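Engineer: I would like the atomic coordinates for the input below:
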Amino acid sequence: MLKHRKGVALAAIAASGALLLAACGGSSDGGGSASPTQEGQAGGTLTILSPAEQILTLAPQVVYTGEDLAFLGATIQRSLTAYQVAPGDAEGTTLVPDMATDTGTASNGGKTWQFTLRDGMKWEDGNPVTCADVAYGTSRQFDIGLAQGGPVYAVSYLDIPTEEDGSSAYKGPSDGTGQELFDKAVTCDGNTITFNLNQPVPDFNYTVTLGFSAVPAGMAAGEEYANKPMSNGPYKIQEYQKGKGGKLVLVRNETWSPDSDPYRKAYPDSWVYNFGIEETVADQRVIQSSGGDEYAMVQGLTTASLPVVFEDPQYESRRIDAFDPYTIYAAVNAERIPDQKCRQAIGVALDRDARIKNAGGVFAGTYADGAVKPNIGIDYAPTGLWDGLLGQPVPGTGDPEFAKK
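Structural biologist: Numbers count the residues shown, from 1 in each chain. Next up, the predicted model:
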């Protein structure tokens, strides 16, 4: 396993990526939220240089990658609750209210959860964000076409009957079958939304950070909404052109008020997400930092650029090197190699040092001891994988003789 630093489960490396940026207005996180000890300065355009040819998805019920969740969550999509923006492994996993006034209230042994929405929240067209919008957004998780690749917590947890094949009796707003079942599981009373669950879920208030974002109830069901979703955040989409040379341009949402959104600082005036930029070209542009690129950033540098940036003190204030939430692992086909001891032997024999070197050396990450990383907080516990769990310590270069045993 490779633990990403920025950040293989067999032979683990905990990978680390580098984020290089010239921070707009002095905020070194670049995402519109300053750390508790650093306030930003409003204004300017923040540019992102990406090799991808589009955002994977803009659909609130489908977006599921950490990078896209962070970007869209900081700009156009809000959730009932969110994670506190703060450095460190502890503060950054603290749950805080977002669209809701608090982090939710559980009853009925954890099978019922209520959230009350903040006053004053508006969509970019000026209409208020309502409880019905949150319910409608939640219902879109049941649309099979939308749910592919995204979270399906609503499908798993809401108290809605299932068919004989295990599928939900509610088929989502695109189909409409079973709508009355959904309407019993998710109810609105003024600005308060209630979720009735099929089982106790003590951390459901964490669950609603994913896939439960509001969508205007009058919007047509289906996938087309993802082309230009309505914003209830501090920015809105002005332009979205996919493909090489395309870009996503976000400008300020005039209907957004910081009074109804203490979570987002919204420092930049605009965001420009450039697509199809060659990675080596993007590296050079942010390293040189001239013209408009003075406020450009990349999500991860190429291996060749890492020593340039991390061994030169002139870049110290512009680089970030920290664990991301992900672990890279190599999976063994257990059907082809059913013997667990044989699978362990492969991990023991593997030269993990070589894997790290090939991935970028010290800048790539470090050994992981399981699929969960230390910066996930309370979910992590050391396994001792390389320190004796398998019978004796395993060096980074591997131990073929121990593997034979």
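Engineer: pull the helix or strand with minimum mean pLDDT from the chain.
Structural biologist: strand 13-21 (a mean of 35; mean pLDDT, DSSP states H and E).
Engineer: could I get the pLDDT score of I48?
Structural biologist: Per-residue pLDDT puts I48 at 95.
Engineer: so who does it touch?
Structural biologist: 71, 271-274, 296-299 (Cβ atoms under 8 Å, 6 or more residues apart in numbering). In this view, the C-beta of every residue, glycine as well, is placed from N, C-alpha and C.
Engineer: mind redoing it with 6 Å?
Structural biologist: Contact analysis of I48 by Cβ atoms under 6 Å, 6 or more residues apart in numbering lists 273, 297.
Engineer: same deal with M219?
Structural biologist: By Cβ under 6 Å, 6+ apart, the contact set of M219 is Y225.
Engineer: swap in P229?
Structural biologist: Here P229 is in contact with L58 (Cβ under 6 Å, 6+ apart).
Engineer: for F310, phi and psi?
Structural biologist: With angles defined as degrees, to the nearest 10, F310 sits at phi -90, psi -10.
Engineer: nearest residue to it other than its sequence neighbours?
Structural biologist: Using Cβ to Cβ, 6 or more residues apart in numbering and skipping residues adjacent in sequence, the residue nearest F310 is F363, 6.0 Å away.
Engineer: my guess is that neighbour contacts P307. True?
Structural biologist: No. Contact criterion Cβ atoms under 6 Å: F363 and P307 do not qualify, at 7.5 Å.
Engineer: okay, those two: which has more neighbours?
Structural biologist: Using other Cβ atoms under 10 Å, the more surrounded residue of F363 and P307 is F363, with 22 against 14.
Engineer: measure the more buried one to T75 for me?
Structural biologist: Here the criterion is Cβ to Cβ, to the nearest Å. By it, F363 lies 28 Å from T75.
Engineer: what pairs with K122 across the strands?
Structural biologist: Beta-bridge pairing for K122 (DSSP bridges): P128.
Engineer: mind checking the end-to-end distance for stretch 267-285?
Structural biologist: Start-to-end span of stretch 267-285 (Cα to Cα, to the nearest Å) is 23 Å.
Engineer: for it, what is the distance to the chain centroid?
Structural biologist: Its chain's average C-alpha position is 19 Å from that of stretch 267-285, according to Cα atoms, centre = their mean, to the nearest Å.
Engineer: what is the neighbour count of G291?
Structural biologist: 9.
Engineer: ditto for the one 5 residues further on
Structural biologist: Taking other Cβ under 10 Å as the neighbour definition, A296 ends up with a count of 26.
Engineer: now it: how far from D102?
Structural biologist: Counting by Cβ to Cβ, the gap from A296 to D102 is 38 Å.
Engineer: same thing with R336?
Structural biologist: As for R336, its distance to D102 is 50 Å (criterion: Cβ to Cβ).
Engineer: these two: which has the busier surroundings?
Structural biologist: Taking neighbours as other Cβ under 10 Å, R336 and D102 compare with D102 leading, 13 against 7.
Engineer: confirm that the more buried one sits in a helix.
Structural biologist: No. The assignment for D102, made by DSSP: H, G, I helix; E, B strand; the rest coil, is coil rather than a helix.
Engineer: show the pLDDT at it.
Structural biologist: At D102, pLDDT is 98.
Engineer: ok, which stretches of the protein are helices?
Structural biologist: Here the chain has its helices, by DSSP state H, at 66-75, 131-139, 144-147, 153-157, 179-185, 204-207, 279-288, 306-310, 340-349, 352-359, 400-404.
Engineer: so which of these is the most packed in?
Structural biologist: helix 131-139 (a mean of 23; mean count of other Cβ atoms under 10 Å).
Engineer: contacts for that one next, please.
Structural biologist: Taking Cβ under 6 Å, 6+ apart as the rule, helix 131-139 contacts 154, 173, 182, 186, 188, 191, 193, 212-217.
Engineer: gap between D98 and S260?
Structural biologist: Distance from D98 to S260, counting by Cβ to Cβ: 11 Å.
Engineer: neighbour count winner among these two?
Structural biologist: Taking other Cβ under 10 Å, D98 and S260 do not tie; D98 has more neighbours (23 against 16).
Engineer: once you drop chain neighbours, what's closest to the more buried one?
Structural biologist: Using Cβ to Cβ, 6+ apart and skipping residues adjacent in sequence, the residue nearest D98 is A82, 4.2 Å away.
Engineer: what's the spacing between that neighbour and V96?
Structural biologist: Distance from A82 to V96, by Cβ to Cβ: 6 Å.
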